[in-house]
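S.K.: Predicted coordinates and the sequence they were generated for:
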Protein chains: 2
Amino acid sequence: MAQKPPTIYQIAELAGVSIGTVSRVMNGKDRVAPATRARVLAVAEKYDFRPNAAARGLATNRTHALMMLVSDLANVYFAEMAKRISRHARDAGLRTVLADSDETPEREAEYLRALADGHVDGAVIAPLTTDANIPLYQALIRRRFPLVLMDTELEGVDASCVRTDNERGAALAVDYLAEKGHARIGFVCGNIAFQTNRLRFQGFREALQRRGLPLANEHLVFNQDFLEAEGFCGVDSMLAPPNRPTAIFASTDLTAMGCVRTIRRAGLRVPDDIAVVGFDDLRISAHMEVPLTTIGQPKDEIAATAVELLAEQLDPDASPRGRKLVRITPVLVRRASA
Amino acid sequence: MAQKPPTIYQIAELAGVSIGTVSRVMNGKDRVAPATRARVLAVAEKYDFRPNAAARGLATNRTHALMMLVSDLANVYFAEMAKRISRHARDAGLRTVLADSDETPEREAEYLRALADGHVDGAVIAPLTTDANIPLYQALIRRRFPLVLMDTELEGVDASCVRTDNERGAALAVDYLAEKGHARIGFVCGNIAFQTNRLRFQGFREALQRRGLPLANEHLVFNQDFLEAEGFCGVDSMLAPPNRPTAIFASTDLTAMGCVRTIRRAGLRVPDDIAVVGFDDLRISAHMEVPLTTIGQPKDEIAATAVELLAEQLDPDASPRGRKLVRITPVLVRRASA
DNA sequence: GACCAATATCGAAGCGCTTACATCATTTGC
DNA sequence: GCAAATGATGTAAGCGCTTCGATATTGGTC
């Protein structure tokens, strides 16, 4: 076990002041005579004094930490987001406590409940797309627990939310493809359990309609299980010659990679025979054998906004909480696959 | 801001007992009359009572949290490890606080120093391979702060450590390749700044010697910058016909993917013209266009061991701390690339 | 030089828990 | 039946900090 670090009492004693004064210099809010401040600081430095987090938390009811709850940390997208959230949180003076629900509502519930024990001040959550935990979310909101939803909104949960404008992103993809002359565009959907993917499909369909482009059922694939995350994408079904699409929009880069792989294995070329557009712009997407053309989520903007929205709610003297929905506009990233 | 949750006093009052009793039933260690326990539990349940973490921490000097410090959370390998660590930690009753040093010693130092403020009980750290922060590590050890190093050992830091047996892994790769008849085996090293990669190189060279296989300088590439992480791997240089290697061992799957890509772009086939073996066995490695043959790190075993080693140190009545080095034996995963 | 407003500092209460010890009520053993 | 042991619960002292009201000090002012 660790050895006892110095407490505020010892520092006060050593600096010849009261603990109140030490506290004030450590927090730098109140005025303290420059000489005193210097003396205290010197002692604190010398003994490597760090105010105990628990004691501070108990006294102020603030932990300076947030929980980041995602459904699968090993998913590249979430990993990238977690990194960014934790960086922005740090810049805002907050630590990041990690929580991975492993795509199970039970575990998500567990973490949601744990929020009440006060080990964090608030949470940034990429919720599972399921109704199971809606009541828990609502309870948190009712208690005015600081909360920001990321990526997916929750029906009946009046929380702030940041997400990419998925519908718009899908439209971007369709427009790009259409302008390149593609008339038969297929859609391969990542795990349909995610709201994100559903919205992308919706945006896709609408964009098609807007342009008067047809959508054949056999040009539509919906994935369900987690395997999709690795790019088993079921695109094979639409590769048969007669009515094959000339382009495919995949609702996720991971899915898109699966498509490219399958298409090439079938002896077809990307983008010559079939063009592929993904969504997300993961770090690795630029480095595939066929660098992926994709709809890029401005990840850093999303992360920054999420932390900002949370910080707002954390601010004790802020205006009354208003639900905010921030839609971030995605961007077309042209590379080789389309 | 959040609304006040109930305290132990209110629960005690409502259940008609003293706070001591409530505390005892919440912690379940001491004996309490079954009837009383039931009553308290009922009240606690009804009011959704959760003992305040800060107060608990202050009283017990335990936070039930660990810090997981890595150099880049968006690196797939670390993301996978973080997920696993956090799962095992959770199973051991610990939360995981995330820290990403972004590969800078300064930030690493910052987090190392933060450990002293007691917001976590211990740390699992994948250290940067640099001498810069050795003194900080030593200071932590001196204070007997619970610490487990992951993946890389630190000269002069007497801490427990779990890592894959990198030398052995490299030997595995060489042996496999040699037995397949390859005599000219090249080596492409991931970021040489990492100890991990250096050890893999060392193991590679030794295995070659042991088998009496030659190692030409032009069959050796060392990467330095972070780009390597995405698979820019500099393998092009050894693709010229006359003395081209027939197989390549890449010290990282990410690097191996870069190799495969480059090789195929050059119009050569993997594994027919050049076989490629990677190291790590990432989740995506199985799903590349050419599924990667690789040396698999038993990630879950590493994570479990790390948490275990830490838990040992956390246990107040454990035997005196002894430094432990646990080497996990990697495993050859045969797929298509070699 | 007395008085007042600032300014700097002290002192103590309190944050919500755990836990050692005290207390009280039962049993048990003889 | 009574002392002692045993078990259940209450009590209160911290844990290390923040913060608010009280106190001490300083420097102008007239």
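M.R.: Received the coordinates, thanks. Numbering: from 1, shown residues only, chains lettered A, B, ... in the order given.

S.K.: who in chain A is up against DNA strand D?
M.R.: Proximity of chain A to DNA strand D (Cβ under 7 Å from any atom of the strand) is limited to residues A:4, A:7-9, A:19-20, A:22-24, A:26-27, A:29, A:49-52, A:55-56, A:58-60. All C-beta spots, glycine's among them, are computed from the backbone N, C-alpha and C.

S.K.: Those residues also near chain B: which ones?
M.R.: Subset of the residues of chain A next to DNA strand D in contact with chain B: A:50-52, A:55-56, A:58, counting by Cβ under 8 Å from any Cβ of the partner chain.

S.K.: List only buried entries from the residues of chain A next to DNA strand D.
M.R.: A:8, A:22-24, A:26, A:49-52, A:55-56, A:58 (16 or more other Cβ atoms under 10 Å in any protein chain shown).

S.K.: Put together CSV for the residues you listed, with pLDDT and secondary structure on each row.
M.R.: Converted to CSV, those look like this (pLDDT from 0 to 100; DSSP: H, G, I helix; E, B strand; the rest coil):
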residue, pLDDT, secondary structure
A:8, 95, helix
A:22, 94, helix
A:23, 95, helix
A:24, 93, helix
A:26, 93, helix
A:49, 95, coil
A:50, 95, coil
A:51, 96, coil
A:52, 96, coil
A:55, 96, helix
A:56, 96, helix
A:58, 96, helix
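
S.K.: out of those, who's near DNA strand C?
M.R.: Checking those against DNA strand C by Cβ under 7 Å from any atom of the strand, the ones in range are A:24, A:55, A:58.

S.K.: got a list of what the residue lying closest to the second one once chain neighbours are set aside touches?
M.R.: If you skip the residues right next to it in sequence, residue A:55 has residue B:58 as its closest partner in space, 5.2 Å away by Cβ to Cβ, 6 or more residues apart in numbering or on different chains. Going by Cβ atoms under 8 Å, 6 or more residues apart in numbering or on different chains, residue B:58 touches A:52, A:54-55, A:57-58.

S.K.: With distance to residue A:160 added, can I get those residues in TSV?
M.R.: Putting the contacts of residue B:58 into TSV (distance: Cβ to Cβ, whole Å) gives the following:
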residue	distance to residue A:160
A:52	32
A:54	29
A:55	31
A:57	24
A:58	28
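
S.K.: Distance of the residue positioned nearest the centre of chain A relative to residue A:237?
M.R.: With distances taken as Cα atoms, centre = their mean, residue A:81 lies nearest the centre of chain A, 4.7 Å away. Between residue A:81 and residue A:237 the distance, using Cβ to Cβ, to the nearest Å, works out to 32 Å.

S.K.: Next: residue A:295.
M.R.: Taking Cβ to Cβ as the measure, residue A:295 falls 23 Å from residue A:237.

S.K.: cool, residue A:328 as well?
M.R.: Distance, residue A:328 to residue A:237, using Cβ to Cβ: 33 Å.

S.K.: quick one, which of these two is more surrounded?
M.R.: Higher neighbour count among residue A:328 and residue A:237: residue A:328, with 18 against 12, using other Cβ atoms under 10 Å in any protein chain shown.

S.K.: Give me the residue ranges of chain A where confidence is low.
M.R.: A:1-3, A:225-232, A:318-321 (pLDDT under 70).

S.K.: So which residues of the stretch 51-200 of chain A form strands?
M.R.: Secondary structure of the stretch 51-200 of chain A, counting by DSSP state E, counting those that start in this stretch: strands at A:65-70, A:95-100, A:122-125, A:147-150, A:160-164, A:185-189.

S.K.: Next to DNA strand C, which bits of chain A? Give me the list.
M.R.: Within chain A, the positions lying close to DNA strand C (Cβ under 7 Å from any atom of the strand) are A:16-21, A:24, A:30-33, A:35-37, A:55, A:58-59, A:61.

S.K.: In helices, which of those fall?
M.R.: In helices, defined here by DSSP state H, the members of those are A:19-21, A:24, A:35-37, A:55, A:58-59.

S.K.: Check those residues and tell me the two furthest apart.
M.R.: Pairwise distances across those (Cβ to Cβ) peak at 31.1 Å, for the pair A:35 and A:58.

S.K.: what comes into contact with stretch A:148-164?
M.R.: Residues outside stretch A:148-164 that contact it (Cβ under 8 Å, 6+ apart) are A:81, A:122-127, A:129, A:131, A:134, A:137-138, A:141, A:147, A:194-196, A:297-298, A:302, A:305-306, A:309-310, A:313, A:323-330.

S.K.: Can you give the distance from it to the centre of its chain?
M.R.: Chain-centre distance of stretch A:148-164: 11 Å, with Cα atoms, centre = their mean, to the nearest Å.

S.K.: from the ones next to chain B among the residues of chain A next to DNA strand D, which two are the most distant?
M.R.: A:50 and A:58 (15.9 Å).

S.K.: Check which helix or strand the closest residue to residue A:171 other than its chain neighbours maps to.
M.R.: Nearest residue to residue A:171, sequence neighbours excluded (Cβ to Cβ, 6+ apart): residue A:207, at 4.1 Å. Element membership for residue A:207, per DSSP states H and E: helix A:195-210.

S.K.: And the helix or strand following that helix, what's buried?
M.R.: Once helix A:195-210 ends, the next helix or strand along the chain (criterion: DSSP H and E) is strand A:220-222. The neighbour-count check on strand A:220-222 (16+ other Cβ under 10 Å) flags A:220-222 as buried.

S.K.: for these, which one is nearest residue A:70?
M.R.: residue A:222 (22.6 Å).

S.K.: does the closest one really touch residue A:186, like I thought?
M.R.: No. Contact status for residue A:222 versus residue A:186: not in contact, 11.9 Å apart, counting by Cβ atoms under 8 Å.
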